[in-house]
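S.K.: mind looking at a prediction? Sequence and model below.
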Amino acid sequence: MGKINTIGFIGGGRITRIILGGFKNAGKINEYRYIISDIQPEVLERIKREYPEITITEDNKQPTSSDIIFLAVHPPVIEKVSDEIKTCLTQDKTLISLAPKVTIAKLSDMLNGFNRIVRMIPNAPSIVNSGYNPVHFSATFTQTEKKELLDILNILGENPEVEEEKLEAYAILTAMGPTYLWFQLYKLQDIVKSFGLSEKEIEEGIIKMIYGSIKTMYKSGLPPSSVMDLVPVKPLGEEEGNIKIIYERCLNNLFKKLKG
């Protein structure tokens with residue numbers, strides 16, 4: 001595969017900013033050159049304000065000159081974008097698709113048989129180098145090539161290699177998982193702040209509480225019913241049934257769409 005010098009992004013939205021933020025946070029942003037395309041000028045302007053050294057363009061073909069190209073667009077537009085770039089991809093390039101739903105086989109068909117494709121399910125904590133980003137490589141990659149790519153992706157956090165058919169389940173679990181918690185934790189933060197705790201006390205309390213809660217789930221040896229019975233007072237107890245119903249309905253429906 002050779003030394004990786006340039007990284008391209010087709011799509012300059014949230015996940016591109018997360019990946020750039022992770023590189024920046026790790027002090028690695030200047031180790032590569034970047035080309036980012038997007039059809040929305042305001043999206044590119046936002047990136048340029050934060051990273052003036054990065055090349056921006058509205059032409060999706062330009063990032064394909066990079067050694068690695070992140071396909072950072074939503075599934076509904078992948079076919080259109082693939083049609084734009086399919087004549088530009090050569091076998092010395094690597095395309096990393098960040099979208100669920102579109103398999104490597106489907107994407108390869110859209111790209112005239114180009115098969116140096118990786119799929120990755122991105123996780124927002126990558127912005128602070130704590131991501132959990134499952135990946136699946138097409139059969140064309142050697143173990144050496146995989147390691148070279150993972151050395152870069154690991155800047156963002158952990159990147160376990162998984163079976164392709166499990167990627168949509170990981171999208172529900174790890175990609176969207178933070179959204180199930182964040183709005184609750186921010187609200188909890190605001191409420192206990194009004195009770196007199198300082199921001200530092202709240203930050204430490206939330207971090208320790210979340211870590212301890214997860215460790216209790218998986219390391220206590222107790223069944224779920226016993227774990228949940230460890231705390232006698234349950235302020236949201238009356239709503240737990242409704243919350244579980246919402247989880248089941250929303251997540252099952254979403255998973256069916258991703259796999260559909």
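M.R.: Nice, I can see it. Numbers count the residues shown, from 1 in each chain.
S.K.: what distance do you get for the residue located most distally from the centre of the chain to Gln40?
M.R.: Here the centre of the chain is the reference, and by CA atoms, centre = their mean the most remote residue is Pro232, at 36.3 Å. Between Pro232 and Gln40 the distance is 52 Å, computed by CB to CB, to the nearest Å. C-beta here means a position set from N, CA and C on the backbone, and glycine is covered the same way.
S.K.: now swap in Leu153 and tell me
M.R.: Look at Leu153 and Gln40: by CB to CB, they are 26 Å apart.
S.K.: which of the two has more neighbours?
M.R.: Leu153 (22 against 12; other CB atoms under 10 Å).
S.K.: residues contacting the nearest residue to that one once chain neighbours are set aside?
M.R.: Nearest-residue entry for Leu153: Asn159, 4.6 Å, with adjacent residues in sequence omitted and distances by CB to CB, 6 or more residues apart in numbering. Taking CB atoms under 8 Å, 6 or more residues apart in numbering as the contact definition, Asn159 lies against Met120, Gly131, Asn133, Pro134, Val135, Leu150, Leu153.
S.K.: now, the residues you listed that are in helices?
M.R.: Among those, the subset assigned to helices under DSSP state H consists of Leu150, Leu153.
S.K.: so which bits of the helix or strand where Thr179 lies are buried?
M.R.: In this structure, Thr179 sits in helix 177-193 according to DSSP states H and E. The neighbour-count check on helix 177-193 (16 or more other CB atoms under 10 Å) flags Gly177 as buried.
S.K.: other SSEs contacting it?
M.R.: Using 3 or more CB pairs under 8 Å, 6 or more residues apart in numbering; DSSP states H and E as the contact test, the elements touching helix 177-193 are helix 199-219.
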